[in-house]
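**Q** Everything below, folded, please.
(chains A and B)
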Amino acid sequence: MKLPNSKGFFGAYGGKFAPETLRTLVDDLEREYRKAQNDPSFKKELDYYLKYYVGRPTPLYRADRLSKRFNNAKIYLKREDLNHTGAHKINNTLGQILLARRMGKTRIIAETGAGQHGVATATVAAMFGLECEVYMGEEDTRRQALNVFRMQLLGTKVIPVKSGTRTLKDAMNEATRDWLKNVDNTFYIIGSVAGFHPYPEMVRDFQSIIGKEARKQIMKAEGKLPDYILACVGGGSNAMGIFYPFLNDKKVKLIGVEAGGLGVETGKHSATLTKGRTGVLHGSKTYVLQDINGQIAETHSISAGLDYPGVGPEHSYLKDTGRVKYDYVVDHEAADACIMLSKEEGIIPALESSHAVAYLDKMKLSKKDLVIVNISGRGDKDMGTIMEYVGKK
Amino acid sequence: MNRLDSLKDSRKKHLVIYLMAGDPDLKTTEELIYSLAGQGVSAIELGIPFSDPVADGPTIQRAGERAIANKITIKDGLGLVSKVRARVSVPIIFMLYYNLIYSYGIERFVNDCVKAGVDGAIVPDLPYDEEKQFYDYAENKGFYVICLVSPTNTVERMKKIVEKSRGFVYYILLKGVTGAQKKLSTDFEFLSKIMKIAEKPVFAGFGISTPAQAEEVAKHADGVIIGSAYVSLIEHFAGNKKQLHLKSKQFVNKLLKRL
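**A** Predicted coordinates for the structure are as follows:
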């Protein structure tokens, strides 16, 4: 069965919990997306930019020194960090901006946490000459000042969000409010597999290039499918992207790694699938971190990109069906993994991706295991955080 | 019989006032309800605060933050309504986001509302065609869920929303979020279309801040809903209860006179 269904549900999760003012636009978007899916010229255009602008395909790299560390299990890294702008986010922003152009929209808005999605949006908006505004929690604009400047350099206006907890969820609220006001000329590029239908499906589809490539590459290199695929999960777009083309390969074990923050018992974490319960947030029914009364919880993670109290509805579905196993690692484990991978392989992963790397240590890997870890982004943006971490140690 | 049925009275233009439960405190909200009921408003919309109110502008966001700081929950709202029911029979509607209802439990929410004397609910992030179980249960218990129509809706969808809505139809006057506007830039064409089709009262809200604007809008609808402008007044005079009650009375009187 192909999911989501016509109402945008993955089992019990998903839907179109959109305020009525956005409804017609969201329906238009869905229609336009269906048209684009069946239009070879759309695919051709997207493929062109992915190849010549983003630099795809990204390599699947056999990490020998890393493998040695884990009982000689064969470990491959999917190098999304080598994309233009340094993360997987651009796979999706490119797809969405092409849709925006088809719909005749002249203004782009986005939300961002760490700034990677913001930068990826600002980049494609610059390339196509569209006006762009990015909402970012005031707290995050301080933590990620360099990315704020990158966006500004690209011609985007960054709007610090001062409401609520002043982080990613509030940036998403504020972007939604902007969209309500400017519904006629504006396209909202959502960065994760979250939001109302068709966003979770659409973002997954644009990101599934990661898994499609990885599948071909591992078959070519090893002549077989991997035993494990690891990816970090905040909203969950890089994980959905690499998992999706393997969902029907039941022998491939898929593991999503959430941000355990200071520990899932402390209340200071972002492990939504581990500790949340079903609710409705940002347009879809999904697992949500919330208090006993249904107020959305404040979250914490060492990586701003995973610091989010919701998760894409398809992940909620995959958790309940058991197809994907979700677990977590805590802040210091992720930071240590970042340092370890830098020393072992000369690759500095983003703190988000470091969560997936850190999970290798939780598995009892042996020589016969074949593993792919999705390195969703590079760590340059996190140097301040790592410096602070090393200093404290 | 639901108290909201009284809104069918078409001999007058109706006034609905929104205020946030527990802003600045529950006692004040209670007193304001008595005062509003005494002045003859047609219904009261009682906000229950939510951490992520995407359909609200800065004024109601701030009211929500104050109420959350006071730890106001659905239970407090229910307690407040139970209490005021000893003295007033004005229709009272909760305005809240769906996650709060879902977390409380759909059936428990409807049952407890009916028991406390809450007549209905407005849920801005719940479209009429999601969560059938909630709508069906509410229908079954005679609890009215008021649906919103936006100027951006297609005529086809608008008709379905009007059909599904209970008590009245809430017409969103402007594209955007709640909040008082100096100038109302809206065309009333879509609203008159709804008025023609609807066999239930149609009230308009979002953006109305002055009695003159209320009068203008009421020419095209069965009633008006005033939210942010009233909440601003509470915010402004919260430190001086006597002034607050006086200003509230004056503002509502002015509105009633113009309708």
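
**Q** and the host helix or strand of residue B:115 with chain A, contact?
**A** Per DSSP states H and E, residue B:115 falls inside helix B:106-116. No. Residues of helix B:106-116 are not located near chain A by C-beta under 8 Å from any C-beta of the partner chain, the shortest gap being 10.5 Å. Using the backbone N, CA and C atoms, a C-beta is placed for each residue, glycine as well.

**Q** Run through who's touching that helix.
**A** Applying C-beta atoms under 8 Å, 6 or more residues apart in numbering or on different chains, the contact partners of helix B:106-116 are B:74, B:78-79, B:81-82, B:85, B:94, B:101, B:104, B:121, B:131, B:133-134, B:137-138, B:141-143.

**Q** So which of the residues you listed reach chain A?
**A** B:74, B:101, B:104.

**Q** what distance separates the start and the end of stretch A:28-48?
**A** Stretch A:28-48 has an end-to-end distance of 25 Å (criterion: C-alpha to C-alpha, to the nearest Å).

**Q** which other residues reach that stretch?
**A** A:94-95, A:98-99, A:102-103, A:197-198, A:202, A:205.

**Q** will you turn these into TSV that also has neighbour count?
**A** Output for the contacts of stretch A:28-48, formatted as TSV (neighbours: other C-beta atoms under 10 Å in any protein chain shown):
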residue	neighbour count
A:94	24
A:95	25
A:98	18
A:99	20
A:102	15
A:103	15
A:197	26
A:198	22
A:202	22
A:205	19
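
**Q** Figure out the helix or strand that the residue in the stretch 101-250 of chain B that chain A sits nearest to lives in.
**A** Relative to chain A, the nearest point of the stretch 101-250 of chain B is residue B:103 (2.9 Å; C-beta to the nearest C-beta). Element membership for residue B:103, per DSSP H and E: helix B:98-104.

**Q** before we move on, what about residue B:257?
**A** helix B:241-258.

**Q** mind listing the helices for chain B?
**A** Assigned by DSSP state H, the helices in chain B fall at B:26-39, B:58-69, B:74-84, B:98-104, B:106-116, B:132-140, B:155-164, B:189-197, B:211-218, B:228-237, B:241-258.

**Q** can I get the CA coordinates of the fourth one in CSV?
**A** Spelled out, that is helix B:98-104. Provided in CSV are the C-alpha atoms of helix B:98-104 (Å, rounded to 0.1, in the frame of the first residue of the first chain):
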residue,chain,number,x,y,z
TYR,B,98,-6.9,20.9,19.2
ASN,B,99,-4.0,19.4,21.0
LEU,B,100,-5.4,20.5,24.3
ILE,B,101,-8.7,18.7,23.5
TYR,B,102,-6.9,15.6,22.2
SER,B,103,-4.7,15.5,25.3
TYR,B,104,-7.7,15.9,27.6
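
**Q** circling back: any idea which of the helices of chain B is most buried?
**A** helix B:98-104 (a mean of 23; mean count of other C-beta atoms under 10 Å in any protein chain shown).

**Q** Okay, now the unreliable bits of the stretch 1-150 of chain B?
**A** Judged by pLDDT under 70, the stretch 1-150 of chain B has no weakly predicted residues.

**Q** Pull out the buried positions in stretch A:14-28.
**A** Residues A:14-27 are the ones in stretch A:14-28 that count as buried (16 or more other C-beta atoms under 10 Å in any protein chain shown).

**Q** How far away from the center of its chain is stretch B:91-98?
**A** Distance of stretch B:91-98 from the chain centroid (C-alpha atoms, centre = their mean, to the nearest Å) equals 7 Å.

**Q** Please read the previous query as pertaining to stretch A:241-260.
**A** 14 Å.

**Q** Equivalent analysis for stretch A:65-80, please.
**A** Relative to its chain's centre, stretch A:65-80 lies at 22 Å (C-alpha atoms, centre = their mean).

**Q** which one is the closest residue to chain B within the stretch 51-200 of chain A nearest to, not counting chain neighbours?
**A** Residue nearest to chain B within the stretch 51-200 of chain A (C-beta to the nearest C-beta): residue A:181, separated by 4.0 Å. Distance criterion C-beta to C-beta, 6 or more residues apart in numbering or on different chains; nearest residue to residue A:181, sequence neighbours excluded, is residue B:176 at 4.0 Å.

**Q** Give me the sheet partners of the one helix or strand residue A:280 maps to and which way each runs.
**A** Using DSSP H and E, residue A:280 sits in strand A:277-281. Counting by DSSP bridges, the strands paired with strand A:277-281 are strand A:284-288 (antiparallel).

**Q** I would like the residues contacting the partner strand, please.
**A** Contacts of strand A:284-288 (C-beta under 8 Å, 6+ apart): A:8, A:12-15, A:17, A:194-197, A:200, A:272-273, A:276-281, A:296, A:309-313, A:315-316, A:319, B:99.

**Q** same thing but 7 Å
**A** Contact with strand A:284-288 is made by A:12-15, A:17, A:194-196, A:200, A:272-273, A:276-279, A:281, A:296, A:309-313, A:316, as judged by C-beta atoms under 7 Å, 6 or more residues apart in numbering or on different chains.

**Q** OK, contacts around residue B:53?
**A** Contacts of residue B:53 (C-beta under 7 Å, 6+ apart): B:60-61, B:64, B:97.

**Q** now, the most widely separated pair of the buried residues of stretch A:14-28?
**A** Pairwise distances among the buried residues of stretch A:14-28 were taken by C-beta to C-beta; the largest, 20.5 Å, belongs to A:14 and A:21.

**Q** The stretch 201-350 of chain A against chain B: which residues are in contact?
**A** Within the stretch 201-350 of chain A, the positions near chain B by C-beta under 7 Å from any C-beta of the partner chain are A:279-281, A:290, A:293-296.

**Q** most surrounded residue in those?
**A** Using other C-beta atoms under 10 Å in any protein chain shown as the neighbour test, those are led by residue A:281, with 30 neighbours.

**Q** how about the nearest residue to that one, chain neighbours excluded?
**A** residue A:310 (4.4 Å).

**Q** Identify the residue nearest residue A:283 in space, chain neighbours excluded?
**A** Nearest non-adjacent residue to residue A:283, counting by C-beta to C-beta, 6+ apart: residue A:196, 3.2 Å away.

**Q** Ignore what I typed, I meant residue A:252.
**A** residue A:246 (4.7 Å).

**Q** so who does that neighbour touch?
**A** Here residue A:246 is in contact with A:211, A:215, A:229, A:252, A:254 (criterion: C-beta under 7 Å, 6+ apart).

**Q** out of those, who has the most neighbours?
**A** residue A:229 (29 neighbours).

**Q** Could you verify that that one is part of a strand?
**A** Yes. Assessed by DSSP: H, G, I helix; E, B strand; the rest coil, residue A:229 belongs to a strand.

**Q** Tell me the one of the ones next to chain A among the contacts of helix B:106-116 nearest residue B:241?
**A** Taking these together and measuring to residue B:241 by C-beta to C-beta, the closest member is residue B:74, at 25.8 Å.

**Q** Which residues of chain B lie near chain A?
**A** Close to chain A, as judged by C-beta under 7 Å from any C-beta, chain B has residues B:50-52, B:54-55, B:61, B:68, B:73, B:98-100, B:102-104, B:124-127, B:130, B:148-150, B:152-154, B:157, B:172, B:175-177.
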